[in-house]
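need a structure here:
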Amino acid sequence: MSESKNTLPTTTPSGDVEHHLIYLKLAFMAQHYAELAKQAAHKMWPHVDYLARLVEGEAHLRRDRATKSRIRLARFPVIKTLEQFRWDWPTRINRLQVQNHFHLAFIKDKANLIFLGGVGLGKTHLATALGYAACLQGYAVLFASAIDVINTLTAAKSAGRLKQELKKYTKPALLILDELGYLPIDKAGADLLFQVISLRYEQGAIIITSNRAFKDWPTIFNHDSTLTAAILDRLLHHAETVIIEGKSFRMKDQLES
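Reported below is the predicted structural model:
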């Protein structure tokens, strides 16, 4: 009986292995299969153990690449970590409350976290550190200042691309809106920000940093108390607020001189 044309060859030339692995985009395997094969022969590993080492290495490489991609796409201005935070500078901050949020349960619960306090107290640092920790745990994150979001959506609306652009702010598991209240927002901008918050309501987590107490938020949103109430209603329904008080750390040298 003649051998079927579809029968795989019993051996594959070693020169073809690397070619096939590269074609399949198995970078770790392509780079390390020969070296690990020598180890396997020397230590008499079972075939399954040799394969397991290759697969494990490939999986680690892909996870590392995916993590780096999430961090890049998050658009953090600077990478910050919790370990870098100066707990001794604010005169008021609930350290245990903040540290507990690094378990990231609020992202899983699609809840919100709001950092309130004056300038230079580490609100953006903590928000960024939480976003970075989320990236490491596999969550998609996007960092943007509130004004940048409004400007981007305003341009998209003028170009007839608002619906597509809104997806950029509603798709990530975590959206960080930085510096809400540092600059005034007109009626059109407030309406656009309201759309983002409404679309994410119970669909995805938000972190907001602001230098204004909630009672002052109408001044942020063009003194529109109705719109402000609607925004706060959606934000605070599933939210926790972190209050930070003290003097600006960026003014530390001047204050101590």
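
Return the residues in contact with the residue nearest the centre of the chain.
The residue lying closest to the centre of the chain (C-alpha atoms, centre = their mean) is residue 141, at 2.5 Å. Contacts for residue 141 were tallied using C-beta atoms under 8 Å, 6 or more residues apart in numbering; they are 70, 73-74, 131, 134-135, 172-176. Every residue, glycine included, has its C-beta placed from N, CA and C.

Name the member of the residues you listed with the most neighbours.
In terms of neighbours by other C-beta atoms under 10 Å, the contacts of residue 141 top out with residue 131 at 28 neighbours.

for the chain, which spans come out with low pLDDT?
Across the chain, residues meeting the criterion (pLDDT under 70) sit at 1-15, 250-257.

The biggest helix by length in it: what's the following helix or strand?
When the chain is parsed with DSSP state H, its longest helix is helix 47-74. Next helix or strand after helix 47-74 toward the C-terminus (DSSP states H and E): helix 95-101.

can you list contacts of whichever helix or strand comes after that next one?
The helix or strand immediately downstream of helix 95-101 is helix 105-108, counting by DSSP H and E. Here helix 105-108 makes contact (C-beta under 8 Å, 6+ apart) with 112-113, 134, 139, 173-174, 205, 240.

before we move on, what about stretch 70-78?
79, 128, 131-132, 135, 138-144.

what about dumping the CA coordinates of the helix or strand in which residue 177 is found to PDB?
Element membership for residue 177 (DSSP H and E) is strand 174-180. Taking Å, rounded to 0.1, in the frame of the first residue of the first chain, the C-alpha atoms of strand 174-180 are listed here in PDB:
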ATOM      1  CA  LEU A 174     -10.400  52.000  34.100                       C
ATOM      2  CA  LEU A 175     -10.600  55.600  33.000                       C
ATOM      3  CA  ILE A 176      -8.500  58.200  34.900                       C
ATOM      4  CA  LEU A 177      -9.800  61.800  34.600                       C
ATOM      5  CA  ASP A 178      -7.100  64.000  36.000                       C
ATOM      6  CA  GLU A 179      -7.300  67.600  37.200                       C
ATOM      7  CA  LEU A 180     -11.100  68.100  37.100                       C
END
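
and it with helix 47-74, angle?
Interaxial angle, strand 174-180 versus helix 47-74 (axes from the mean of the first three to the mean of the last three C-alpha atoms, to 10 degrees): 30 degrees.

any idea how far the longest helix of the chain is from the chain center?
Here the centre of helix 47-74 is set off from its chain's centre by 20 Å, with C-alpha atoms, centre = their mean, to the nearest Å.

now swap in stretch 65-78 and tell me
With C-alpha atoms, centre = their mean, you get 7 Å for stretch 65-78.

Likewise for stretch 142-157?
That offset, for stretch 142-157, works out to 17 Å (C-alpha atoms, centre = their mean).

Alpha carbons of that stretch, in CSV - could you do that?
Written as CSV, here are the backbone C-alpha positions of stretch 142-157 (Å, rounded to 0.1, in the frame of the first residue of the first chain):
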residue,chain,number,x,y,z
LEU,A,142,-6.6,55.2,29.9
PHE,A,143,-5.2,58.3,31.6
ALA,A,144,-6.3,61.8,30.5
SER,A,145,-6.8,65.2,31.9
ALA,A,146,-10.5,66.3,32.0
ILE,A,147,-9.7,69.2,29.7
ASP,A,148,-8.0,67.0,27.2
VAL,A,149,-11.0,64.7,27.1
ILE,A,150,-13.3,67.6,26.4
ASN,A,151,-11.0,69.1,23.7
THR,A,152,-10.7,65.8,22.0
LEU,A,153,-14.4,65.1,22.0
THR,A,154,-15.2,68.7,20.9
ALA,A,155,-13.0,68.2,17.8
ALA,A,156,-14.5,64.8,17.2
LYS,A,157,-18.0,66.3,17.3
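
Work out the sheet partners of the strand holding residue 177 and label each with its direction, please.
strand 141-145 (parallel), strand 205-210 (parallel) (DSSP bridges).

Export those to a markdown table and append columns for distance to residue 45.
Below are the strands paired with strand 174-180 laid out as a markdown table (distance: least, C-beta to C-beta, whole Å):
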| stretch | distance to residue 45 |
| --- | --- |
| strand 141-145 | 40 |
| strand 205-210 | 45 |
